[in-house]
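[1] Sequence and predicted structure are below.
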Amino acid sequence: MKPRPICWVLFLSGLLARAVASEPRQEFLPPPPPGTRWQLVWHDEFDGDELDETRWNRLGDWKRRDGYWMRDDAFLSGRGSLILRTTRREDRYTCGAVNTRGKFERAFGYFEARCKMPRSPGHWSAFWLMCSGVNTVGNDGRDGTEIDIIEMPWRDGRLTVNLHWDGYGEHRKSAGHRFRLPEVTEGFHTYGLLWLPDEYVFYVDGREVWRTRAGGVSQVPQYIKLTNEIGTWAGDIREATLPDDFEVDYVRVFAFVPTAPPETSPTNAPGRDAPPK
Ligand SMILES: [Ca+2]
């Protein structure tokens with residue numbers, strides 16, 4: 001049966017309404033580079049009951065540092081967030097981790113996650129960007145840099161952001177910054193990276209915490225990682241009250257795109273000043 005035009009109008013307006021409704025409310029964006037504006041190009045609000053595995057890889061099951069990454073320790077809460085759980089199973093400590101490798105990789109823009117950090121010692125949470133070029137020695141970090149947008153191994157309000165490049169061996173190079181924000185131990189906070197071609201700027205709750213050009217700034221697409229890891233950097237896991245969760249409300253990525261040229265208006269349309277016939 002041939003659909004009637006009115007049906008199509010209703011159908012398309014419904015799609016449009018849903019598209020508008022799905023654009024999330026964004027509290028903060030850094031100033032875009034001159035001549036550009038921000039455009040949301042990728043995001044996951046973690047709605048629903050199942051992690052979208054067209055966007056994310058669950059990592060595991062394998063050993064990772066002093067514990068194990070297990071696929072079933074990464075799951076959606078059912079209330080609009082991703083849970084990366086750290087727990088104990090008999091003699092093993094396990095935790096969850098995900099990345100977007102091969103599914104979403106991008107250079108430059110503004111990357112933000114809203115997260116609630118774990119409470120117990122012995123494991124740490126991180127929001128970071130990676131690519132295989134991190135292992136390439138030479139060309140500084142321009143061919144790929146591990147960009148740790150946030151790491152929280154401590155439980156006293158200290159945080160750290162870090163960059164690593166030229167591999168993890170004898171040529172390894174890194175730069176980082178530690179700071180204190182006691183409020184991050186409670187509730188959700190946003191952690192953001194403005195990645196420009198010539199500079200990184202790191203933000204917590206919309207406040208700049210560090211800017212740097214260390215490593216020359218990565219020029220290549222990188223994938224997102226959200227991880228929990230078990231290790232003594234974060235203290236003694238045997239003192240943890242488990243399970244303990246790293247909870248992520250959303251991840252959003254904005255690209256800077258050229259500002260549209262002003263539309264031709266009647267006042268500057270050609271012929272406006274032409275003499276009357
Ligand atoms: Ca390199």
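    Good, I have the coordinates. Computed from a predicted model, the values in this text were never measured in an experiment.
[2] Please point out which parts of stretch 137-145 sit buried.
    By 16 or more other Cβ atoms under 10 Å, the buried positions in stretch 137-145 come out as 141, 142, 143, 144, 145. All C-beta atoms are positioned from the backbone trio N, CA, C, and that covers glycine.
[3] The fourth one touches residue 137, doesn't it?
    When you say that, I think you mean residue 144. No. Using Cβ atoms under 8 Å, residue 144 makes no contact with residue 137, being 11.0 Å away.
[4] coming back round to it: just the buried residues of stretch 137-145 that are near the ion?
    Residues of the buried residues of stretch 137-145 in contact with the ion (Cβ under 5 Å from the ion): residue 143.
[5] Need the buried residues of stretch 137-145 in TSV (columns: pLDDT).
    Output for the buried residues of stretch 137-145, formatted as TSV (pLDDT from 0 to 100):
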residue	pLDDT
141	98
142	98
143	98
144	98
145	98
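[6] and which of the buried residues of stretch 137-145 is nearest to the ion?
    Nearest to the ion out of those is residue 143 (Cβ to the ion; 4.4 Å).
[7] Enumerate every residue touching the nearest residue to residue 241 once chain neighbours are set aside.
    Leaving aside its sequence neighbours, residue 241 sits nearest to residue 120 (Cβ to Cβ, 6 or more residues apart in numbering; 5.0 Å). Residues near residue 120 by Cβ atoms under 8 Å, 6 or more residues apart in numbering: 86, 155, 239, 240, 241, 242, 244.
[8] Within the helices and strands, which one has the first one?
    It stands for residue 86. strand 82-89 (DSSP states H and E).
[9] before we move on, the earlier item: which pair in the contacts of residue 120 spans the largest distance?
    Farthest-apart pair in those is 155 and 242; separation 14.4 Å (Cβ to Cβ).
[10] So for those two, which residue has more residues nearby?
    residue 242 (19 against 16; other Cβ atoms under 10 Å).
[11] Specify the local secondary structure of the more buried one.
    Assigned by DSSP: H, G, I helix; E, B strand; the rest coil, the conformation of residue 242 is coil.
[12] before we move on, back to that, partners of the strand holding residue 86 in the sheet?
    strand 74-76 (antiparallel), strand 92-95 (antiparallel), strand 244-258 (antiparallel) (DSSP bridges).
[13] nearest to the ion, of these?
    Once the strands paired with strand 82-89 are compared by Cβ to the ion, strand 244-258 is nearest, at 23.3 Å.
[14] Next, the buried residues of the closest one.
    Residues 244-256 are the ones in strand 244-258 that count as buried (16+ other Cβ under 10 Å).
[15] Equivalent analysis for stretch 149-163, please.
    For stretch 149-163, burial by neighbour count (16+ other Cβ under 10 Å) applies to 149, 150, 151, 152, 153, 154, 155, 159, 160, 161, 162, 163.
[16] Now tabulate the residues you listed in JSON lines and tack on distance to residue 207 and pLDDT.
    Shown next, in JSON lines, are the buried residues of stretch 149-163 (distance: Cβ to Cβ, whole Å; pLDDT from 0 to 100):
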{"residue": "149", "distance to residue 207": "14", "pLDDT": "98"}
{"residue": "150", "distance to residue 207": "13", "pLDDT": "98"}
{"residue": "151", "distance to residue 207": "17", "pLDDT": "97"}
{"residue": "152", "distance to residue 207": "16", "pLDDT": "96"}
{"residue": "153", "distance to residue 207": "21", "pLDDT": "96"}
{"residue": "154", "distance to residue 207": "19", "pLDDT": "95"}
{"residue": "155", "distance to residue 207": "21", "pLDDT": "93"}
{"residue": "159", "distance to residue 207": "12", "pLDDT": "97"}
{"residue": "160", "distance to residue 207": "16", "pLDDT": "98"}
{"residue": "161", "distance to residue 207": "13", "pLDDT": "98"}
{"residue": "162", "distance to residue 207": "18", "pLDDT": "98"}
{"residue": "163", "distance to residue 207": "20", "pLDDT": "98"}
